[in-house]
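K.L.:
what's the 3D shape of this:
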Amino acid sequence: MPPGLLIAAPSSGSGKTTVMLGLARAFRDRGVIVQPYKSGPDYIDPGFHAAAAGRPSWNLDSWAMPMDMIAALGAEAAGADLVLAEGSMGLFDGVALPGAGGTGASADIARLMGWPVILVLDVAGQAQTAAAVALGLSRFHPDVRVAGVILNRIASPRHEALVRAGMAQAGIAVFGALPRRAKIEVPERHLGLVQAEEHGALEEMIVEAADFVAGNVDLEALRGAASGGIGGVAETVPVTPPGQRIALARDAAFSFVYPHMLAGWRRAGAEILPFSPLADQAPDETADVCWLPGGYPELHAGSLAAATRFRAGLRRFGETRPVHGECGGYMTMGAALIDADGTGHEMAGLLGLVTSYAARRMHLGYRRAQLLAAIPGFPSGGELRGHEFHYSSVVTLDDEPLAQVEDATGAQVAETGSRRGRATGTFFHLIAGVA
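P.N.:
Reported below is the predicted structural model:
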């Protein structure tokens, strides 16, 4: 496997996404084949990585994924020259109780894969003290190696000289210094970044980031610091498809699905038949299962309510075959969705669920679920691991519970998912089934 680096930071908002995108495109422009990864359950960043690197990006999650899945996804780097993985939150930030292979911290992935860490440090408002932060991170875990830093938001040559002096005193390598400037911004909405395919100036943003990073970072030295890398056989990614022919909702309202899930379904021999509810399309009648991913149905609730062909087709499909929804897909399977303005919109009615965005309440975190009934691809009693992130509240739920759900601390979660007939749904997005 090719050598790699993990791009991390002491905290969110330090600039690692800009650095990640800039590095991926800058190396690509120089003929280096870059394989991108994302540490953690973020399903939006991989789309930006893919646009910058020209190769699919894969999530690696130490809490939810068993080691054989992480190793197999590592094999996706075959044929690349360099791996770049973007961390999440702070380098060592994870949950309190370990899951399948760790706490979900970016440091777990660096340790498991043997990738040295490049810290992106926002040094605004400090100078030599930044070296103390870098030194502390470099010594926090003996199996996590910090190769050096990229300084961000440098205010002046004098500021840079002071920060570099501190780093030299601490023995920390500096691979580059990014001057303070107007941020290269990725638009955001309530669930975080706008998806890559929605970004109207995505290519221009990536080119700007690449020019900015290449002009201020020693790319040759950075590449020379890369090492590590493990991998199994890519064809063995342990993902069970929900059926042989899968009708998959896929458009601006239904796009939150992890890349390794779709790849695993295909490699297991399943055929994916995409359809667009927003275009008023019904699931393919030749499919044997329908899967509705999460997304932003609350932003398109009026269009979905008006999509009578889609809703009638989905109900007809559910009379004879399984339909499963995740988060936004689950809400769309319900009886109604109330938007942020308090307006109710009729949904498909396969379940009795009514959800509302009128009173926002954040639901965030890892989920472990013990199934009380089968869902497509998993038997009753099976254990699933996933991640939940939404701001909706349940107004009405008169269906049978689907699972016993816990968060990463083992505390019971009230949102159990639900089932009615052949229809099932969860608020969490599936990452892996655990044997």
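K.L.:
quick one: contacts for His260?
P.N.:
Trp58, Asn59, Met69, Leu73, Val237, Val239 (C-beta atoms under 8 Å, 6 or more residues apart in numbering). The way it works is simple: take the backbone N, C-alpha and C, and place the C-beta from them, glycine included.
K.L.:
try it again with 6 Å
P.N.:
By C-beta atoms under 6 Å, 6 or more residues apart in numbering, the residues touching His260 are Trp58, Leu73.
K.L.:
Assign it to helix, strand or coil.
P.N.:
Here His260 is helix, with the state taken from DSSP: H, G, I helix; E, B strand; the rest coil.
K.L.:
Local confidence estimate at it?
P.N.:
Here, the pLDDT recorded for His260 equals 95.
K.L.:
Tell me if I am right that Gln370 is in a helix.
P.N.:
No: counting by three-state DSSP, one finds Gln370 to be strand, located in no helix.
K.L.:
For it, give me its contacts.
P.N.:
By C-beta under 6 Å, 6+ apart, Gln370 lies in contact with Glu383, Ala403, Gln404.
K.L.:
Could you report the distance from the closest residue to the first one other than its chain neighbours to Arg266?
P.N.:
Okay, so that is Glu383. Excluding the flanking residues, the one nearest Glu383 by C-beta to C-beta, 6 or more residues apart in numbering is Val434, at 4.6 Å. Relative to Arg266, Val434 is positioned 22 Å away (C-beta to C-beta, to the nearest Å).
K.L.:
ok, now Asp280?
P.N.:
Asp280 is 27 Å from Arg266, where distance means C-beta to C-beta.
K.L.:
With neighbour numbers in mind, choose between these two.
P.N.:
Between Asp280 and Arg266, counted using other C-beta atoms under 10 Å, Asp280 has the larger neighbour count: 17 against 14.
K.L.:
Wait, the more buried one touches Ala306, no?
P.N.:
No: with contact defined as C-beta atoms under 6 Å, Asp280 does not count as touching Ala306 (7.9 Å).
K.L.:
Is the residue most central in space within the chain part of a helix or strand, or is it coil?
P.N.:
Residue closest to the average C-alpha location in the chain (C-alpha atoms, centre = their mean): Asp42, at 2.0 Å. Using three-state DSSP, the structure places Asp42 in coil.
K.L.:
Quick one: neighbours of Gly377, just the number.
P.N.:
By other C-beta under 10 Å, 22 other residues sit near Gly377.
K.L.:
tally of neighbours for the residue nearest to it when sequence neighbours are not counted?
P.N.:
Nearest in space to Gly377, with sequence neighbours left out and distances taken as C-beta to C-beta, 6+ apart, is Pro242 at 3.9 Å. As a burial measure, Pro242 scores 20 neighbours (other C-beta under 10 Å).
K.L.:
Domains in this protein, by residue range?
P.N.:
4-224, 239-434 (automatic domain parsing).
K.L.:
Which of those domains sits closest to Ile230?
P.N.:
Closest approach to Ile230 among these (C-beta to C-beta): domain 4-224, 5.2 Å.
K.L.:
Could you tell me the end-to-end distance of that closest one?
P.N.:
10 Å (C-alpha to C-alpha, to the nearest Å).
K.L.:
element containing the residue lying farthest from the centre of the chain, please.
P.N.:
In the chain, counting by C-alpha atoms, centre = their mean, Arg158 sits farthest out from the average C-alpha position, at 38.4 Å. According to DSSP states H and E, Arg158 maps onto helix 157-170.
K.L.:
Any buried residues in that helix, and which?
P.N.:
For helix 157-170, burial by neighbour count (16 or more other C-beta atoms under 10 Å) applies to His159, Glu160, Leu162, Val163, Arg164, Gly166, Met167, Ala170.
K.L.:
Next: stretch 409-421.
P.N.:
Residues Val413, Glu415, Thr416, Gly417, Ser418, Arg419, Arg420 are the ones in stretch 409-421 that count as buried (16+ other C-beta under 10 Å).
K.L.:
if I look at Leu60, how far off is Arg139?
P.N.:
Counting by C-beta to C-beta, the gap from Leu60 to Arg139 is 24 Å.
K.L.:
Compare neighbour counts for those two and give me the winner.
P.N.:
Between Leu60 and Arg139, Leu60 has the larger neighbour count (other C-beta under 10 Å), namely 23 against 10.
K.L.:
Contacts only, for Ala432.
P.N.:
Counting by C-beta under 6 Å, 6+ apart, Ala432 makes contact with Ala64, Met65, Met69, Arg385.
K.L.:
And Gly425, by the same measure?
P.N.:
Applying C-beta under 6 Å, 6+ apart, one finds that Gly425 lies in contact with Gly325, Tyr330, Met333, Gly417.
K.L.:
and after the strand or helix carrying the first one, which helix or strand comes next?
P.N.:
The reference is to Gly325. Using DSSP H and E, Gly325 falls within strand 323-326. Next in sequence after strand 323-326, counting helices and strands by DSSP H and E, comes helix 328-333.
K.L.:
just how off-centre is that following helix within its chain?
P.N.:
Counting by C-alpha atoms, centre = their mean, to the nearest Å, helix 328-333 is centred 19 Å from the centre of its parent chain.
K.L.:
For it, C-alpha coordinates in CSV please.
P.N.:
Output in CSV follows, covering the C-alpha atoms of helix 328-333 (Å, rounded to 0.1, in the frame of the first residue of the first chain):
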residue,chain,number,x,y,z
GLY,A,328,-34.5,11.7,6.1
GLY,A,329,-35.6,8.7,4.2
TYR,A,330,-37.3,7.4,7.4
MET,A,331,-39.1,10.7,7.9
THR,A,332,-40.3,10.6,4.3
MET,A,333,-41.8,7.1,4.8
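K.L.:
Pull out the buried positions in it.
P.N.:
Within helix 328-333, the residues scored as buried using 16+ other C-beta under 10 Å are Gly328, Gly329, Tyr330, Met331, Thr332, Met333.
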